[in-house]
Structures are given as structure tokens and as C-alpha cells.
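Participant: A structural model of the following input is requested.
(4 chains)
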Number of protein chains: 2
Amino acid sequence: MTDDAVETRRTAPATLHDVAREAGVSLATASRSLNGSTRKVNEEYRQRVLAAAAKLDYSPNLSAQAVARGTTTTVALLVADIADPYFSQMAAGVVREADRERLIVTMAATERDTERELDLVRTLRGQRPRVMILAASRREGDPNNDALEAELRAFESNGGRVAFVSSATGAFRAVQLDNRAGAEALARELIGLGYRRFAAVTGAEGIRTADERLAGFRAGLEAGGGTFDRIVRAAFTRDGGYEGMAQLIEQGLDGIELVFAGNDVMAVGAMSAIRDAGLTPGTDVAVAGFDDIPTVRDVTPPLTTVRIPLEEVGRRALRLALDEVGAVDDSPVHTEVVLRESTPRRR
Amino acid sequence: MTDDAVETRRTAPATLHDVAREAGVSLATASRSLNGSTRKVNEEYRQRVLAAAAKLDYSPNLSAQAVARGTTTTVALLVADIADPYFSQMAAGVVREADRERLIVTMAATERDTERELDLVRTLRGQRPRVMILAASRREGDPNNDALEAELRAFESNGGRVAFVSSATGAFRAVQLDNRAGAEALARELIGLGYRRFAAVTGAEGIRTADERLAGFRAGLEAGGGTFDRIVRAAFTRDGGYEGMAQLIEQGLDGIELVFAGNDVMAVGAMSAIRDAGLTPGTDVAVAGFDDIPTVRDVTPPLTTVRIPLEEVGRRALRLALDEVGAVDDSPVHTEVVLRESTPRRR
DNA sequence: CCGTAGTGAGATAGCGCTTTCCCGAATCGT
DNA sequence: ACGATTCGGGAAAGCGCTATCTCACTACGG
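Facilitator: Have a look, this model is predicted:
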């Protein structure tokens, strides 16, 4: 429409200078009144400044403050895929905690490309964020790993804080997700339910999360006398789960009782593949996942999984980065097996 | 652990000044070499600067650039709830498009509180973002609406761009979601499938999205001879859907053939409530939603809904804000009824 | 040969803030 | 009553950049 008709004349935003002039005080006094510095300022002046600011609709320029103060109020968050519930739940936690600390979150998506990830870290470093949280999953032996580490080291030596969400990241602070132990506990429980013959549909080898979960699950199986008949690798996404499962079915399920998916979105995809093949998940073949994203309560049958408190993980990642070492809970996040109907007791 | 042992000595990040000195050129030349200004600079000098920058691991301070240039490379995005797939899909679209434009996205969540929303807009304005995208849902007659509009107007008159995601927002640019038409089309289709007696489980009155969808659906029903037997209001979330549906069932479904949920997450919750009551969605009572979030393909039975290309909506919101009026597609987003098995043909 | 453009590096004036530093006035102790 | 302290406002020096302005130097036409 005639947007221009409505548009008011473009004017520069009011500066602190304007406010000071309007209030008839110095720049210094205006600054002190509006941000509560250590110095006291006469109540009458303060009121005048506040009134002037309100009148001029003053909004402090955060970039200028950052430059002057030498520190920002920004948190940078890197995830693999914003639309994936695993990451979006975590992001919600980060944003919530950041909000409590009056910090602003800038968010970027690596789209599972380590090249992009490195680029993003470089760009985001220019923001001079107080904290950088990396939740995109690590890949073992990736050629960009060293460059990334160097970049993050540089960031840290400039006073920035880094926090990973992952398991065992040698060099940096990390919210530890005990994928291994969780998967192992899950396997034991499933053995306890009578399952013996398993398959896995999981992400590519090298994705650390996938590897750890698989290793943990395998350890649990071996302890209980179960076996992996088959392992299918596919994208670490819902569609990957679907395709992996479809492949598995096509090759013949012969005897496989339960499919362990590398994460919940894969499990959900796998269940749809099972159904599309004319079988019934839980009945014809059991399914288990990992993460306990919200939707797994709503699929049919509800999915057995390992619960990770994703929101809390996000919040803890920020705390871990902000707080002094030692002053913060850096124990591994508590994971818990949640048995649901997708893995009924056998016999 | 002994984090401190590893931690390198904290040093200030290299400044452009440092780079210039290292390269033995002036500040101006360094600046010109690193950002490609209009001015040409001697190739040899340029190389020297680039080398120095690399050596010192220089990363330009974005805040300082913003102050000096008087313009940022930031996009601010406001959503109701980051963990809700409706918003996270949209956010993914915004982030992707922003990335193409080499813009950085800062994200905040209103948590469906208009007071918070207003606060956030105020804070984010301090960032002087190029664009502000508001995707949190509008509430009719909310006391904060005027203040919000004023705030956004001020932002615009300072040269900022605002884009809403919504339907018919009088004053600002908006990606139009035709909730009304979509819901009406859905209702017609359902009538066509033989349904006559409906209930709705939707968000509180006043949430514009909920209202429009309900109104549209009702219009469709009336045109086709169907009726709303009951309308239940609940939170506009998965749990709201569950509770609303539970309530409906408790009161007695008597004769209701299909439940229209205000959005997909509610529909998914409603389906679980149906199941938990010992009934089968699709068979005992049909369910339809709105949005076509990814998970509705994976619930059982798959959900009938109205498809909104959420990712595209996010991308378009950014384009709408960035591009000149007229140079951009501002037609309503295409919505489409997707019939699935949650609404089988009757009889 | 000289005046005039053109070229491109460097000096410098900001950008919108914060935070010393300086200083007059008020307060206090003795 | 008087020097010693606070106290608190204002001037001004930055913060890390960009962009304008200056100016030495080259090239060239007449």
C-alpha cells in the first residue's frame, strides 16, 4: 500500500547528548543518571534527565555502550538446526537464562557443516560476545576441528567464554551429556524386558553423539546377552530415520526385535517408515530413541527413550560459561530411561 | 578441572590500530584494505595489511563499526516460544535468509506475555537492528498494543524496518497468513467428507490467529450446513490442546464427529487426550489442525491440517523488511488444505 | 615548462557512549 | 574558624572504528 504516506519523516534516534541538552545537564550527568554508575547524582537532576529521556524517546545505543565499556551484553549461540526440537528446546533454555541475566542472544545455524560453523564462529567473534555456546554436534576427526579450536582459544584469550554442549570435550567447558551411560542403561532395561536381537538406525560414523550412544547401547547389550544384528547409517534427522528404517525393512527384518534410533527425531521417522511398510511399531518391531523431545509422547505408541532435560541443558550451558569455575554445577546432566509403549515387555 | 592452567594469558583483541602498525601503514589504509571501501589501495599495501591481520588474528569489532558507520548488520527476531515448532521453523527461515544477507540474528522470546514483548522491543531497539521481525501472536485489544505500536513507529522513523508475521496488520508491513481463508477451505473439505457436527479446541479469545481461524472455519461450516456444537478455549499449546480435549470428552462428546484444533500442536495434544480416554482419533472422533508442522506426519493417524510454508514465511518476513516496498512479493502466503487419515471419509 | 588534474596515503574529525580527571562547594573534625 | 575531606557536576579523553579532508606526488596538455 502507500506505506510512504504513513511513514514519518526519518530522523536520527535521540542521542544521550540530546537528552543532556534537553535536561540542561552535562553528558556525564545524563549518562550517570540513566545507567546507575557508582557515582551518585542529585535526585532533581536525575529526574530531569529521566523526563528528558522519556520525552525524546531515548534508547541507549548498545553498540556505542559496548565500544565505550569494552564489553557487550551478548551471547552467541550456535546450533546445527534451529527447527530440530533437540536444538530448539536447548535454545529456549539458553534464551531464557540469558534473559534473566539481561543478555541478548544471537543465534546462528551451522546446518551441520563444519566449514560453516567455523565461518560463523569467526563472524560472531566480531560481536565480542560475552559468551559463545556451541551446541552443534562435534565430528570426530573433522579437518576443521583444529581451526575451530584455535579460533575459540583466541576468543577465550580475549576474555570471552566458551561453552560446549556435548560429552567429554577435552579443552573447553562443556555441559556433559552422558550419552554413553544413558544408552547403556537403556539397553539394559530393554534386555530386561526380554529383547535380545537389535538393530540400530543412527547417524554417520564420526558424529560424536551418534557414536557414543551406539557404543553405550552396545555395551549394555553385551552385558546382557543381546546382539546388534544390523546397523544402518543415515542422516541424523527425521528423514534419515525414515530412510534408514525403510532400508532395514527392505533388506528384511528377519528376527530383529527392536530398533534403536540414534535420536528421537530419527526414531519418529523410523516409526513412520514401519507404519508405511504396513507394520505396527511396538508390536511388529519395537523402537527406542534418545532425547525425549516433547513429540515422542504424542506418537503411537509413545516412544521409549532416554530423557535429557534439554531446556535445563541450555540454561546450564549459559551458567557454565558465565560463572566462575567451581562456582557452578558442572556434573554431567542427569539422564533417565523412560520406558513407554513402543517397547512392550516381550512374551 | 584446572581450567586456569590451560587458560592463556588474557590479552585484549587486536585492534585495527595494531594491524596498521604491524603492517606499517596508516589506520585509514588498514581500514580500507580490510573492508573494501570505494577507494583503491595499492596492492602491495593491501597484502601487507592482510598479512598483518592474519598474523594478529584480527577480527573487526562489529560494535565499533556499527558506531562509526551508523548502521548495524543485525536483525532482531521476536517469537512467542522458541521451542514451539511453529516458531522455530519460522526462525530457521529468518536465520537462513539473514545468513544469505550476511546479517546476524538476535532472538528473543515473549513467552506470550505482551508486557515482556514490549520490554523486549525496547531493549532490542537499543541494538539499532536493521530489521525487527515480530512473529509473536497479536492479541486483540491488549492494553500494550498502543505502546508497542508507538515503539515500533519510533523505530521506523529512525530508519529501522519492521515486519510482522500475521494477518492484516493495518499499519506495518506483514507477511500475510490467510488464516481465515485456510480454515474456511478446510471446513469445506471436511463437510465434503461428510462431517456435520464439529467442536473446536482453540486458544483464548483475543489471540488473533485463533480468532481468525475459528471464524474462517465457522464460515466454511455455515456455508456447508455444519455446526459447531462446542468450543473449548485453552492455552494455544500442546498441553492446552490436551486439556481442552480432555475437558470435551469429560463433558461428553455426544455426537461430535470432528474436533478442529486451533493449531497443530494443540491438535497433537488433543489426539493424545483422545487416546488416553480410550478412544481412537480418526475413528471415534476425527481431528484437524492448522500449520502442518513436521510432526503431524508422524502421529497416528497422520493429521489433516492446513499447510503453511513456515520456513518460507520466515524468509519472506526478512525480505519484506529489507526490500523496498513494491520490489517484493507481498501477496498472502499460499496455504493449502492437506487431508490425511485423521479425517477419514464418513460412512 | 608550468599549471592543472588525478591519484592515493595519511591525518583527523567524528560516531555515541563511559569514565577518568578536575574543581568548586559543602561538610566535618578539632 | 580553618584546613581536610567528601560530594557531585562538568570537561574531556578515550573506546575501535569510518570517512572526510589534506596534501605530496605523478602525469599530462598546452
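
Participant: Tell me where the stretch 151-300 of chain A has helices.
Facilitator: If you assign secondary structure with DSSP state H, counting those that start in this stretch, the helices in the stretch 151-300 of chain A sit at A:179-192, A:208-224, A:238-250, A:264-276.

Participant: Deepest in the core, which of the ones you listed is it.
Facilitator: When neighbours are counted by mean count of other C-beta atoms under 10 Å in any protein chain shown, the highest per-stretch mean among the helices of the stretch 151-300 of chain A falls to helix A:264-276, a mean of 27. Every residue, glycine included, has its C-beta placed from N, CA and C.

Participant: before we move on, the earlier item: with distance to chain B and mean pLDDT as new columns, can the helices of the stretch 151-300 of chain A be given to me in JSON lines?
Facilitator: Compiled in JSON lines, the helices of the stretch 151-300 of chain A are given as follows (distance: least, C-beta to the nearest C-beta, whole Å; pLDDT from 0 to 100):
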{"stretch": "helix A:179-192", "distance to chain B": "19", "mean pLDDT": "97"}
{"stretch": "helix A:208-224", "distance to chain B": "19", "mean pLDDT": "95"}
{"stretch": "helix A:238-250", "distance to chain B": "7", "mean pLDDT": "97"}
{"stretch": "helix A:264-276", "distance to chain B": "5", "mean pLDDT": "98"}
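
Participant: wait, doesn't residue A:46 sit right on residue A:33?
Facilitator: Yes: because the distance of 4.4 Å satisfies C-beta atoms under 8 Å, residue A:46 is recorded as touching residue A:33.

Participant: For these two, indicate the residue with more neighbours.
Facilitator: The residue with the greater number of neighbours, taking residue A:46 and residue A:33 and applying other C-beta atoms under 10 Å in any protein chain shown, is residue A:33; the counts read 25 against 19.

Participant: Show the contacting residues for that one.
Facilitator: In this structure, residue A:33 makes contact with A:25, A:41, A:45, A:46, A:49, A:50, judged by C-beta atoms under 8 Å, 6 or more residues apart in numbering or on different chains.

Participant: can you pick the most crowded of those?
Facilitator: residue A:49 (25 neighbours).

Participant: Leaving out chain neighbours, which residue sits closest to that one?
Facilitator: Sequence neighbours aside, residue A:33 is the residue nearest to residue A:49 in space, at 3.9 Å (criterion: C-beta to C-beta, 6 or more residues apart in numbering or on different chains).

Participant: Looking at the stretch 151-300 of chain A, which residue is nearest DNA strand C?
Facilitator: Per C-beta to the nearest atom of the strand, residue A:159 is where the stretch 151-300 of chain A lies closest to DNA strand C, at 14.7 Å.

Participant: and if you look at the stretch 201-347 of chain A?
Facilitator: Counting by C-beta to the nearest atom of the strand, the stretch 201-347 of chain A gets nearest DNA strand C through residue A:322, at 18.7 Å.

Participant: Reformat the contacts of residue A:33 as TSV; add pLDDT and distance to residue B:139.
Facilitator: Formatted as TSV, the contacts of residue A:33 follow (pLDDT from 0 to 100; distance: C-beta to C-beta, whole Å):
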residue	pLDDT	distance to residue B:139
A:25	94	40
A:41	86	39
A:45	91	39
A:46	92	35
A:49	94	34
A:50	95	30
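
Participant: Those residues also near DNA strand D: which ones?
Facilitator: Among these, the residues lying close to DNA strand D (C-beta under 7 Å from any atom of the strand) are A:25, A:41, A:45.

Participant: Could you measure from the first one over to residue A:253?
Facilitator: Just to be clear, that refers to residue A:25. As for residue A:25, its distance to residue A:253 is 79 Å (criterion: C-beta to C-beta, to the nearest Å).

Participant: And for the second one?
Facilitator: Counting by C-beta to C-beta, the gap from residue A:41 to residue A:253 is 76 Å.

Participant: burial measure for residue A:261, as a count.
Facilitator: Other residues near residue A:261 number 32, with proximity taken as other C-beta under 10 Å.

Participant: now do residue A:158
Facilitator: Residue A:158 is flanked by 17 other residues according to other C-beta under 10 Å.

Participant: Report the contact partners of it.
Facilitator: Contacts here follow C-beta under 8 Å, 6+ apart; on that basis residue A:158 touches A:128, B:10, B:11, B:12, B:13.

Participant: Would you confirm that the first one contacts residue B:60?
Facilitator: No: the pair residue A:128 and residue B:60 does not pass the contact test of C-beta under 8 Å, sitting 10.2 Å apart.

Participant: Name the residue in the two with the higher neighbour count.
Facilitator: residue A:128 (23 against 19).

Participant: Torsion angles phi and psi at the more buried one?
Facilitator: phi 50, psi 50 (degrees, to the nearest 10).

Participant: Could you find the closest non-adjacent residue to it?
Facilitator: With C-beta to C-beta, 6+ apart as the measure, residue A:72 is the residue that lies nearest to residue A:128, at 5.2 Å, once sequence neighbours are left out.

Participant: Pull the number of nearby residues for the one you found.
Facilitator: Using other C-beta under 10 Å, residue A:72 has 23 neighbouring residues.

Participant: contacting residues around it?
Facilitator: When contacts are counted by C-beta under 8 Å, 6+ apart, residue A:72 is found next to A:62, A:66, A:127, A:128, A:129, A:130, B:63.

Participant: In strands only, show me the contacts of residue A:33.
Facilitator: By the criterion of DSSP state E, membership of the contacts of residue A:33 in strands covers no residue at all.

Participant: Just give me the neighbour total for residue A:324.
Facilitator: Neighbour tally, residue A:324, other C-beta under 10 Å: 7.

Participant: Could you report the separation of it from residue A:160?
Facilitator: Remark: distance between residue A:324 and residue A:160 (C-beta to C-beta) = 15 Å.

Participant: Check residue A:281 too.
Facilitator: As judged by C-beta to C-beta, residue A:281 and residue A:160 stand 46 Å apart.

Participant: Which of those two has more residues huddled nearby?
Facilitator: Here residue A:281 and residue A:160 are set side by side on neighbour count (other C-beta under 10 Å), and the busier one is residue A:281, at 26 against 22.

Participant: The more buried one contacts residue A:271, correct?
Facilitator: Yes: when contacts are counted by C-beta under 8 Å, residue A:281 is listed as touching residue A:271 (4.4 Å).
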